[in-house]
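K.L.:
after the sequence you'll find the predicted model.
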Amino acid sequence: MRDLHRAVVGWFADEARDLPWRDPACSPWGILVSEVMLQQTPVVRVLPVWREWMERWPHPADLAAEPAGEAVRAWGRLGYPRRALRLHAAAAVIAREHDGELPDTEESLLGLPGVGGYTAAAVAAFAFGRRAAVVDTNIRRVHARLVGGEALPAPSLTADERRLAGELLPDDDAASVRWNAAVMELGALVCTARSPRCDACPVAGACAWRAAGEPPPSYVPKGQAWHGTDRQVRGAVMAVLRAASRPVPRGFFDGPTNADAAHSGSVGIELARLHALAAGPEQLERAVAGLLADGLAVERPGGLALP
DNA sequence: GACCCGTGGCG
DNA sequence: TCGCCAAGGGT
């Protein structure tokens, strides 16, 4: 196992991407923001938005002092805007209950909105240097191939995977942090889901999946439907609200019979997109109701708006 | 465990 | 072109 660690960490030292949240000067808050933004969103799309957030809200209290809608608007098109809402809620908890400083243990981090098992471990490790088993999709895939001999990890995280991650984790704090980051990076750059670059892999010689002749996945991942779904319409409604600087009358969401032209510029464009997309008034109503229930939209005197 | 939640780039 | 995929979390 020593050889495995040395090979992967050595590779990481040479090939790691120079990401701003890996700067030793990056604050724990900056690392938390990056981790939440990176949930299901590629690095290249996160970078510019993360920089804006750090400049605008360098401390949790700065974000907590603003309406949640500002976080949602600044989230832009990263997707899953409820993450912005939860990050804002987390900032409020940190400001109110932790004197504005991030808690530094996995257990306490887990108490923050939007922070689950992965993010709590990642922040404990990368922001505070603690020994924590980080298990994300990259690490799961590397473990599945390298140790399990399978093309892909199980559909959902299993107890066996948690146990394996703990067993592979070096005892030393600093070494464990490097190991977590290195395996994650290996999965992101080399041991990728679709076409792994085994020729560039530092541990190809030890890979159980290669040794087994690279067998195909034992199951077929079910793709998530998108075209024509309520999710797509919710996204289009959110685009309208982000573009609007004042409440948008509810009637404008009911259908294209209303004067889209009443809103000029980007709001009008997003309204037209929404109306072209929605299957009918019932789907629009369903989408709006869902957003209201989730707190991503609120009723204002003039209509619908960000919270 | 099943299901829901956005978005855009790439093979 | 179109399905797959990306540093998950909550219910």
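P.N.:
That came in fine, so what should we check first?
K.L.:
now the stretch 151-300 of chain A against DNA strand C: closest residue?
P.N.:
DNA strand C sits closest to residue A:223 of the stretch 151-300 of chain A, with a gap of 2.2 Å, by CB to the nearest atom of the strand. Any C-beta I mention is one placed from the backbone N, CA and C, and that applies to glycine too.
K.L.:
helix, strand or coil for that residue?
P.N.:
Put simply, residue A:223 is coil when judged by DSSP: H, G, I helix; E, B strand; the rest coil.
K.L.:
again with the one 10 residues further on
P.N.:
Per three-state DSSP, the local secondary structure of residue A:233 is helix.
K.L.:
contacting residues for it?
P.N.:
Residue A:233 sits next to A:274, A:277, A:278, A:283, A:284, A:286, A:287 when contact means CB atoms under 8 Å, 6 or more residues apart in numbering.
K.L.:
next step: the residues you listed restricted to helices.
P.N.:
Using DSSP state H to define helices, the subset of these located there is A:274, A:277, A:283, A:284, A:286, A:287.
K.L.:
any idea how many residues pack against residue A:35?
P.N.:
Neighbour count of residue A:35, defined by other CB atoms under 10 Å: 22.
K.L.:
I meant to write residue A:22 there.
P.N.:
With other CB under 10 Å as criterion, residue A:22 counts 14.
K.L.:
that one and residue A:106, how far apart?
P.N.:
20 Å (CB to CB, to the nearest Å).
K.L.:
now do the helices in the stretch 101-250 of chain A.
P.N.:
Assigned by DSSP state H, counting those that start in this stretch, the stretch 101-250 of chain A shows helices spanning A:106-109, A:117-128, A:137-146, A:159-168, A:173-189, A:208-211, A:230-243.
K.L.:
could I get these as a markdown table with distance to DNA strand B and mean pLDDT?
P.N.:
As requested, the helices of the stretch 101-250 of chain A are exported to a markdown table (distance: least, CB to the nearest atom of the strand, whole Å; pLDDT from 0 to 100):
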| stretch | distance to DNA strand B | mean pLDDT |
| --- | --- | --- |
| helix A:106-109 | 20 | 98 |
| helix A:117-128 | 13 | 98 |
| helix A:137-146 | 12 | 98 |
| helix A:159-168 | 9 | 97 |
| helix A:173-189 | 13 | 98 |
| helix A:208-211 | 19 | 97 |
| helix A:230-243 | 2 | 96 |
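K.L.:
could I get the ones you listed as JSON lines with distance to residue A:80?
P.N.:
What follows is the helices of the stretch 101-250 of chain A, written out as JSON lines (distance: least, CB to CB, whole Å):
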{"stretch": "helix A:106-109", "distance to residue A:80": "20"}
{"stretch": "helix A:117-128", "distance to residue A:80": "13"}
{"stretch": "helix A:137-146", "distance to residue A:80": "15"}
{"stretch": "helix A:159-168", "distance to residue A:80": "24"}
{"stretch": "helix A:173-189", "distance to residue A:80": "19"}
{"stretch": "helix A:208-211", "distance to residue A:80": "31"}
{"stretch": "helix A:230-243", "distance to residue A:80": "10"}
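K.L.:
between the ones you listed, which one is closest to residue A:32.
P.N.:
For the helices of the stretch 101-250 of chain A, the distance to residue A:32 is smallest for helix A:117-128, at 5.3 Å, taking CB to CB.
K.L.:
just checking, what packs against that closest one?
P.N.:
Judged by 3 or more CB pairs under 8 Å, 6 or more residues apart in numbering; DSSP states H and E, helix A:117-128 is in contact with helix A:28-37, helix A:106-109, helix A:173-189.
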